[in-house]
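# any chance you could fold what I've pasted below:
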Amino acid sequence: MSKRDYYEVLGVDKNASAEDIKRAYRKLAMKYHPDRNPGDKTAEDKFKELNEAYEILSTPEKKQRYDQFGHAGVNGQGGGGFGGFGGGGFEDIFGDIFDMFGGGGFSSRRNRGPQKGADIKYELSITFEEAVFGTEKTVEFYKYENCQTCNGSGAKPGTSKKTCSHCKGTGEVRFVQRTPLGQIVNVKACDHCHGEGQIIEAPCTTCNGKGKERKRKKIKVRIPAGVDNGSIIPLRGEGEPGIKGGPYGDLYVVLRVLPHRIFERDGYDIICEMPITFVQAVLGEELEVPTLEGKVKYKIPEGTQSGTIFRLKNKGVQNPKGYGKGDQYVKVVVEIPRNLTDNQKEMLKQFAAEGGEEIHEKRKSFFDKVKDVFGV
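Modelled structure (predicted):
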C-alpha cells in the first residue's frame with residue numbers, strides 16, 4: 001500500500017512554515033491519541049502516520065530531501081514510535097500531549113537548578129523640586145530574607161536535610177506507560193519531597209522549615225537630578241532571595257513626582273504663566289520672574305500682548321546624563337482691571353479718543369463677519 005503525502009497527512013500546504021506544521025501536528029495528535037481512542041485501530045494507525053509525517057517535515061534536512069525526491073528520499077527514516085527522533089521539537093509537543101493525560105511531561109523541561117529571586121516594585125513619591133535637583137530618600141518595605149536561625153536551610157540547627165529515599169535525591173520519579181505503540185517513560189515531580197530531592201525531618205522553629213523570614217528593610221536611594229514622573233531606579237540584589245542558591249532579585253523604585261503649584265514640566269523645559277497688569281503690558285517693565293533657582297529680573301517691552309512667551313535660557317531641568325539643561329518658558333497673561341472708578345473710566349475714554357477709537361461704535365456680530373468673508 002502506497003504512503004500518503006506527508007503534507008496531506010498533516011493537512012498543510014507545501015509552503016507551510018515550521019510553526020504551521022507543528023500546530024497542525026499537535027492538533028491532530030491530540031485528536032487521534034490512543035488514550036483518547038482506546039481500542040480504535042483506525043485512530044492508532046492515523047496516530048502512527050501523523051508521527052511519521054511530522055518527524056520528516058519537522059527536520060529541515062529530511063524535509064528538504066522529501067520535497068526533492070518524495071518518499072524515496074527519506075525511505076526508512078520515518079518514525080513509527082516515539083524514540084530516535086532527531087530533535088525536531090517532539091519533546092515539547094509530546095510533553096504537551098502527555099500532560100493532557102496526566103503523564104507529567106519530560107524532565108528536561110523542568111528547571112531544578114539555582115534560580116534568581118523575585119524582583120520587587122516600590123513606588124516612591126517625591127516633590128517637583130526633588131525631581132529637578134535630586135535628593136536622597138530612605139525607603140522602607142517588607143521582603144523575605146534567609147532565616148538567620150537556620151541560615152536559609154529550613155532545618156533545625158544541629159540537623160540537616162536528608163536525601164529523599166523515594167527519588168534518591170533527583171526530585172523526580174519515573175514511571176512506564178504502556179501504549180499500543182510501545183512503552184513511554186514519563187517523569188513527574190516526586191510527591192514526597194515536592195521535587196526538591198531533599199526532605200527536612202526537623203524543621204527550623206523560626207521559619208517553620210521555609211528557610212526564609214519576612215522582614216522590614218530600610219534602604220537609602222540616591223535620586224539623580226533631572227528624573228521625571230515614571231522614572232525607574234534599579235537597585236541590584238535588593239529583591240527577594242534566590243532559590244537553591246540562586247542570586248537575589250532586584251528592587252525597582254518607580255518615581256511619582258508630585259505636581260507644583262506654579263511650574264509645569266515638558267521634558268527638560270519648565271513652563272509657567274505669570275500675570276501682569278494692563279499698565280505693565282502697555283508701558284513695559286522690569287519684572288521679577290520666579291524660577292526654580294530663585295527670582296530673576298526680566299525686562300518686558302512696551303505693548304506686550306497677553307499670551308506672549310519669553311524664554312529664560314538654562315533655567316530648566318538638568319539632563320541626568322549630563323547633556324546640559326533645558327530652558328524656562330514664561331507666558332505672560334494680561335489681567336484686565338475690574339471695578340474701575342468713574343475717574344479711571346473717564347481717563348480710559350480720553351485715552352481711547354486720543355487714539356482714534358470710537359468707544360460706542362457698534363461692533364459687527366460674528367455672523368456679520370461670516371457674511372463679509374464668504375459673501376453669504
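# okay, now Ala202: neighbour count?
Ala202 has 15 neighbours, counted by other Cβ atoms under 10 Å. The C-beta positions use only the backbone N, C-alpha and C, and glycine is treated the same way.
# and it, how close does it get to Gly195?
Ala202 is 21 Å from Gly195, where distance means Cβ to Cβ, to the nearest Å.
# and what of Val257?
Noted for Val257: a distance of 45 Å to Gly195, by Cβ to Cβ.
# who's more crowded, these two?
Val257 (20 against 17).
# confidence score at that one?
At Val257, the model reports a pLDDT of 94.
# doesn't Ile223 make contact with it?
No - Val257 lies out of contact with Ile223 (Cβ atoms under 8 Å); the separation is 10.3 Å.
# mutual contacts of the two, please.
Shared contacts of Val257 and Ile223 (Cβ atoms under 8 Å, 6 or more residues apart in numbering): Ile126, Ala131.
# return the helix or strand in this protein with minimum mean pLDDT.
helix 90-100 (a mean of 47; mean pLDDT, DSSP states H and E).
# what's next to the following helix or strand past that helix, contact-wise?
Once the chain leaves helix 90-100, the next helix or strand it forms, by DSSP states H and E, is strand 120-126. Strand 120-126 has contacts (Cβ under 8 Å, 6+ apart) with 135, 137, 139, 141, 143, 221, 223, 238-240, 249-258.
# let me know the next secondary structure element after strand 120-126.
helix 128-133.
# I'd like the next helix or strand past that next one.
Remark: after helix 128-133, the chain's next helix or strand is strand 135-146, criterion DSSP H and E.
# pull the contacting residues for the nearest residue to Cys193 once chain neighbours are set aside.
In space, and not counting its chain neighbours, Cys193 is closest to Cys164: 3.9 Å by Cβ to Cβ, 6 or more residues apart in numbering. By Cβ under 8 Å, 6+ apart, Cys164 lies in contact with Gly171, Cys190, His192, Cys193, Glu196, Gly197, Gln198, Ile199.
# who wins on neighbours among those residues?
Highest count within these by other Cβ under 10 Å belongs to Cys193, 23 neighbours.
# surely that one and Glu172 touch.
No - the pair Cys193 / Glu172 is not scored as a contact, 9.9 Å apart, by Cβ under 8 Å.
# low-confidence stretches in the stretch 101-250 of the chain?
101-112, 179-183 (pLDDT under 70).
# and with 90 instead?
Residues of the stretch 101-250 of the chain that meet the criterion pLDDT under 90 lie in 101-117, 143-156, 158-203, 205-215, 241-246.
# okay, now Ser165: neighbour count?
By other Cβ under 10 Å, the residues close to Ser165 number 10.
# then the one 4 residues further on?
Using other Cβ under 10 Å as the criterion, Gly169 is surrounded by 17 other residues.
# now do Arg174
A count of neighbours around Arg174, defined by other Cβ under 10 Å, yields 12.
# that one in helix, strand or coil?
Following DSSP: H, G, I helix; E, B strand; the rest coil, Arg174 is assigned to strand.
# report the beta-bridge partners for it.
Val187 (DSSP bridges).
# roughly how far apart are it and Tyr144?
Using Cβ to Cβ, we find Arg174 at a distance of 33 Å from Tyr144.
# repeat for Ile223
As judged by Cβ to Cβ, Ile223 and Tyr144 stand 26 Å apart.
# go on, Tyr298?
For Tyr298 relative to Tyr144 (Cβ to Cβ), the value is 56 Å.
# coming back round to it: closest one of the contacts of Cys164 to Lys212?
The closest of these to Lys212 turns out to be Glu196 (Cβ to Cβ; 14.4 Å).
# ok, now which ones touch that closest one?
By Cβ under 8 Å, 6+ apart, the contact set of Glu196 is Cys164, Gly171, Cys190.
# where do the helices sit along this structure?
Here the chain has its helices, by DSSP state H, at 6-10, 18-32, 41-57, 60-69, 90-100, 128-133, 278-283, 342-354, 366-374.
# distance of Ala297 relative to Asp327?
Small correction: residue 297 is Lys, not Ala. Taking Cβ to Cβ as the measure, Lys297 falls 17 Å from Asp327.
# repeat for Leu283
27 Å.
# Val132 now?
In this view, Val132 and Asp327 are 13 Å apart by Cβ to Cβ.
# same check, this time on Lys244
Computed as Cβ to Cβ, the Lys244 to Asp327 distance reads 54 Å.
# ok, the two, which is more surrounded?
Neighbours per residue, other Cβ under 10 Å: of Lys244 and Asp327, the larger number sits with Asp327, 15 against 11.
# ok, now which ones touch the more buried one?
Contacts here follow Cβ under 8 Å, 6+ apart; on that basis Asp327 touches Asp269, Ile270, Arg311, Leu312, Lys313, Asn314, Lys315, Gly316.
# ok, of those residues, which come out buried?
Applying 16 or more other Cβ atoms under 10 Å to the contacts of Asp327, the neighbour count classes Asp269, Ile270, Leu312, Lys315, Gly316 as buried.
# now the two most distant members of the residues you listed.
Across those, no pair lies farther apart than Asp269 and Leu312, at 10.1 Å, counting by Cβ to Cβ.
# before I go, just wanted to say thanks for your time.
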